[in-house]
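>>> Give me a model of this one.
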Amino acid sequence: MHGIELTVWGVLIAVAVLLALAYRSSVPYPILLVLGGLVLGFVPGVPRITLNPDLVLVVLLPPLLYSAAFFSSLRDLRESAKQIGGLSIGLVLATTLIVGVAAHELVDSLSWAEAFVLGAVVSPTDPVAASAILERLHVPRRISTVVEGEALVNDALALVLYRVAIVAVVDGTFSAFDAGWHFVLNAAAGIAIGLVVGWIVGQIRKQIEDIGTEATISLVSGYLAYLPAERLGVSAVLATVTTGIYLGWHAPELTTPATRLQLIPVWQVLVYIVNVALFMLLGLQLRQILDGLGGYSPWALAGWAAIVVGVVTLVRVAWVMAFGTLGRLHAARPSGDWRESLLVGWMGMRGAVSLAAALAIPLTVHGGGPFPGRELIIFLTFVVILVTVLVQGLSLPYLIPLLGIEDDGRAEREEAKARMLAAQAAIERIDELQTEDWVRDETAERARNLLDYRVRRFQSRYLDGADGVFEERSLAYQRLQREILEAQRRAIVELRNEGRINDETMHRVERDLDLEDSRLEI
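Next up is the predicted model:
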């Protein structure tokens with residue numbers, strides 16, 4: 001086995017082991033992957049892997065942004081628009097300014113422009129880190145909506161500030177007016193491109209009924225919005241998010257049931273794989289970053305890193321606490337308390353977007369000289385990512401119960417009510433079809449009785465004082481169904497083993513059984 005093959009084999013084995021450990025320990029997998037990448041980066045013989053900024057911003061980020069937006073709730077985003085706006089605009093500005101001032105005053109050799117580059121780079125939270133860590137935490141949906149919604153849109157302002165600060169270093173010029181104008185223009189143009197691309201993709205998908213073709217168009221939709229926006233120099237992030245939200249809202253009229261059954265698992269697997277690659281690559285960057293810091297004292301680096309991490313964390317917590325308090329004072333119906341504000345303030349994970357922006361800092365300035373402080377900015381950015389993902393990610397499972405925050409059960413109640421209303425609509429449709437010649441009375445009655453039981457069962461889930469009888473009977477029935485399905489699976493496998501049916505036949509029957517099994521809740 002050659003060196004490169006041995007390296008690839010070792011990395012794949014390490015990833016598999018880390019994912020298995022994450023599953024067994026209930027630790028969010030991004031945390032273990034970052035730690036694993038850190039360790040692997042210093043293993044002798046492992047080649048140095050440099051994370052190309054374009055790999056993140058152009059190749060890996062669009063599908064992650066698109067999927068997060070596609071599966072988000074437009075209603076929930078609207079309800080939390082004020083909180084999301086305060087975090088994605090006000091907090092990004094505050095973080096950039098305060099980190100910039102602190103870095104200029106306390107970190108040696110960083111000019112004002114360079115310090116503001118650092119502030120802009122670490123100001124946005126990361127949608128990948130937020131989604132990957134929150135998916136295992138049982139928090140009220142309004143909290144996860146705010147945190148994930150913030151992470152979806154705050155890159156727009158952060159990248160505008162980043163580009164303005166970069167120009168200030170490279171060309172030595174700065175204009176606050178240009179910064180504000182560019183933000184408004186970039187955001188508006190990005191949203192417009194996203195809407196146009198979403199409408200065009202929707203019209204195309206309405207004409208297609210082939211599952212493979214629809215899946216391919218779905219998988220490239222994020223790129224169709226991101227790449228032209230990036231080429232025009234406007235907010236590619238907002239373009240991608242807008243397209244995802246638009247197509248997610250119109251998805252029921254664009255896709256068939258067969259397409260949805262196959263497309264959703266494809267997206268789940270793709271997002272998981274891309275997340276795994278991103279967080280592993282993040283961990284592997286430390287060795288390369290440290291190589292460019294030979295001229296700095298380790299103690300000085302540690303002190304500056306602690307300062308930047310502390311400022312980033314404190315600014316976020318203070319802003320969210322103050323913003324949440326003011327919101328509650330002016331709200332007719334307060335929807336949270338200081339504990340929820342503190343939790344949102346602590347959920348400020350940074351990730352691959354910040355690192356990609358730091359790595360994309362130009363190597364030289366106008367005139368050919370090196371970009372001052374580039375290696376130091378990259379190092380400080382990496383430490384902010386590392387600490388926020390590890391410390392905040394690891395502490396959240398303990399902080400949530402300590403604060404006494406529990407899932408409010410809103411999602412479960414809404415689902416139960418939706419299932420009940422859907423069953424009632426089905427009963428009404430049976431009554432309408434009762435007079436049709438092809439509808440047999442006994443068949444209609446049997447279907448009506450089944451649906452009536454479903455109505456009473458789901459109704460009991462959100463009514464106070466329910467005794468749980470319907471739920472117990474349903475779970476017992478589903479347990480029986482599971483046993484019946486397992487018996488059928490064993491039978492078709494035996495038929496295949498005996499040569500009485502071929503594998504293709506077995507897989508077709510197995511698929512039908514699996515679809516029935518997927519409906520069970522046990």
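>>> Tell me who's in contact with the residue most central in space within the chain.
When C-alpha atoms, centre = their mean is applied to the chain, the residue found nearest the centroid is Ser131 (3.5 Å). With contacts defined as C-beta atoms under 8 Å, 6 or more residues apart in numbering, Ser131 is in contact with 68, 148, 151. (Glycine included, C-beta is placed from N, CA and C.)
>>> Glu148 is in contact with the first one, correct?
Yes - Ala68 sits in contact with Glu148 when judged by C-beta atoms under 8 Å, with a separation of 6.7 Å.
>>> which neighbours do those two share?
Common contacts of Ala68 and Glu148 (C-beta under 8 Å, 6+ apart): 127, 131.
>>> before we move on, back to that, which element, helix or strand, includes the residue nearest to the centre of the chain?
helix 127-134 (DSSP states H and E).
>>> from the chain's centre, how far out does that helix sit?
On the basis of C-alpha atoms, centre = their mean, to the nearest Å, helix 127-134 sits 5 Å off its chain's mean C-alpha point.
>>> how about the strand or helix carrying Glu414: buried residues?
Using DSSP H and E, Glu414 maps to helix 410-433. The neighbour-count check on helix 410-433 (16 or more other C-beta atoms under 10 Å) flags 416, 419-420, 423-424, 426-427, 430 as buried.
>>> which residues touch it?
Residues from elsewhere that reach helix 410-433, judged by C-beta under 8 Å, 6+ apart: 140-142, 439, 444, 447-448, 451-452, 454-455, 458-459, 461-462.
>>> Convert the C-alpha atoms of it to CSV, please.
Taking Å, rounded to 0.1, in the frame of the first residue of the first chain, the C-alpha atoms of helix 410-433 are listed here in CSV:
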residue,chain,number,x,y,z
ARG,A,410,-45.3,22.9,20.2
ALA,A,411,-44.0,20.9,17.2
GLU,A,412,-45.6,17.6,18.5
ARG,A,413,-48.9,19.3,19.2
GLU,A,414,-48.9,20.9,15.7
GLU,A,415,-48.1,17.6,14.1
ALA,A,416,-50.9,15.8,16.0
LYS,A,417,-53.4,18.5,15.0
ALA,A,418,-52.3,18.4,11.4
ARG,A,419,-52.7,14.6,11.3
MET,A,420,-56.1,14.8,12.9
LEU,A,421,-57.3,17.5,10.5
ALA,A,422,-55.9,15.5,7.5
ALA,A,423,-57.8,12.4,8.7
GLN,A,424,-61.0,14.5,9.1
ALA,A,425,-60.6,15.7,5.5
ALA,A,426,-60.2,12.1,4.4
ILE,A,427,-63.5,11.2,6.1
GLU,A,428,-65.2,14.0,4.4
ARG,A,429,-63.9,12.8,1.1
ILE,A,430,-65.2,9.3,1.8
ASP,A,431,-68.6,10.7,2.4
GLU,A,432,-68.5,12.6,-0.9
LEU,A,433,-67.5,9.5,-2.8
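>>> Could you point out the helix or strand that follows the worst-scoring helix or strand of the chain on mean pLDDT?
Counting by mean pLDDT, DSSP states H and E, the chain has its least confident helix or strand at helix 127-134, which shows a mean of 71. Where DSSP H and E defines the elements, the next helix or strand beyond helix 127-134 is helix 141-171.
>>> just the angle between that following helix and helix 410-433, please?
120 degrees (axes from the mean of the first three to the mean of the last three C-alpha atoms, to 10 degrees).
>>> how far off helix 127-134 does helix 141-171 point, in degrees?
150 degrees.
>>> so how far is helix 141-171 from its chain's centroid?
Using C-alpha atoms, centre = their mean, the distance from the centre of helix 141-171 to the centre of the chain it belongs to is 15 Å.
>>> After it, which helix or strand is next? Please name it.
Helix 141-171 is succeeded, C-terminally, by helix 176-206 (DSSP H and E).
>>> State the mean pLDDT of that following helix.
In this model, helix 176-206 carries a mean pLDDT of 86.
>>> And for stretch 409-425?
On average, stretch 409-425 scores 85.
>>> again, but for stretch 87-99
Stretch 87-99 comes out at a mean pLDDT of 92.
>>> swap in stretch 285-298?
On average, the pLDDT along stretch 285-298 is 81.
>>> For it, measure first residue to last.
Using C-alpha to C-alpha, to the nearest Å, the end-to-end distance of stretch 285-298 comes out at 18 Å.
>>> Okay, now the unreliable bits of the stretch 401-522 of the chain?
Applying pLDDT under 70 to the stretch 401-522 of the chain picks out residues 463-468.
>>> go again using 90 as the cut-off
Within the stretch 401-522 of the chain, the stretches with pLDDT under 90 are 401-420, 431, 434-442, 444, 449-478, 511, 514-522.
>>> Burial check on Ala129, number of neighbours?
When counting by other C-beta atoms under 10 Å, one arrives at 31 neighbours for Ala129.
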